[in-house]
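> sequence first, predicted model second:
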Amino acid sequence: MIEKSAKKYSGECGKYQLWKKLPRKVMYQSFQAALAYLLESNKIMVDKDGKIVWIWNPEAVKKYLREDLIVR
């Protein structure tokens, strides 16, 4: 749910505003933990204004993955 919302509102709002736009209530600590995971897995980034931007593109990843390439 958090991932879908981050994708939907990409570049529009900051952390608190995104939390308020979630379709169901989530504890803020749980929300922050989920955002930390998305940051570490390079699915989102935070721009200089504090807005959350969705950057994950699985099609591009599939394009660059080859059998001899190892992903860590």
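Yep, that arrived. Numbers count the residues shown, from 1 in each chain.
> so what's the residue count around Leu38?
Other residues within reach of Leu38 by the criterion other C-beta atoms under 10 Å amount to 19. For glycine as for every other residue, the C-beta is placed from the backbone atoms N, C-alpha and C.
> for the longest helix seen in the chain, could you pull out the residues that count as buried?
For the chain, the longest helix by residue count, based on DSSP state H, is helix 28-40. Counting neighbours by 16 or more other C-beta atoms under 10 Å, one finds that the buried residues in helix 28-40 are 31, 35, 38.
> could you measure from the residue lying closest to Trp56 once chain neighbours are set aside over to Leu35?
Residue nearest to Trp56 in three dimensions, not counting chain neighbours: Lys43, with 4.0 Å by C-beta to C-beta, 6 or more residues apart in numbering. Using C-beta to C-beta, to the nearest Å, one obtains 10 Å as the distance from Lys43 to Leu35.
> same check on Lys51?
The span separating Lys51 from Leu35 equals 13 Å under the rule C-beta to C-beta.
> is the most centrally placed residue in the chain in a bridge, and if so with what?
Against the mean C-alpha coordinate of the chain, by C-alpha atoms, centre = their mean, the closest residue is Ile44 at 3.4 Å. Beta-bridge partners recorded for Ile44 (DSSP bridges): Trp54.
> OK, contacts around it?
Contacts for Ile44 were tallied using C-beta atoms under 8 Å, 6 or more residues apart in numbering; they are 6, 35, 38, 52-56.
> then Lys15?
Here Lys15 is in contact with 32, 35, 46, 50, 52 (C-beta under 8 Å, 6+ apart).
> pick out the most distant pair among those residues.
Farthest-apart pair in the contacts of Lys15 is Gln32 and Gly50; separation 13.8 Å (C-beta to C-beta).
> which intervals of the protein have sub-threshold pLDDT?
Regions of the chain meeting the criterion pLDDT under 70 cover residues 61-72.
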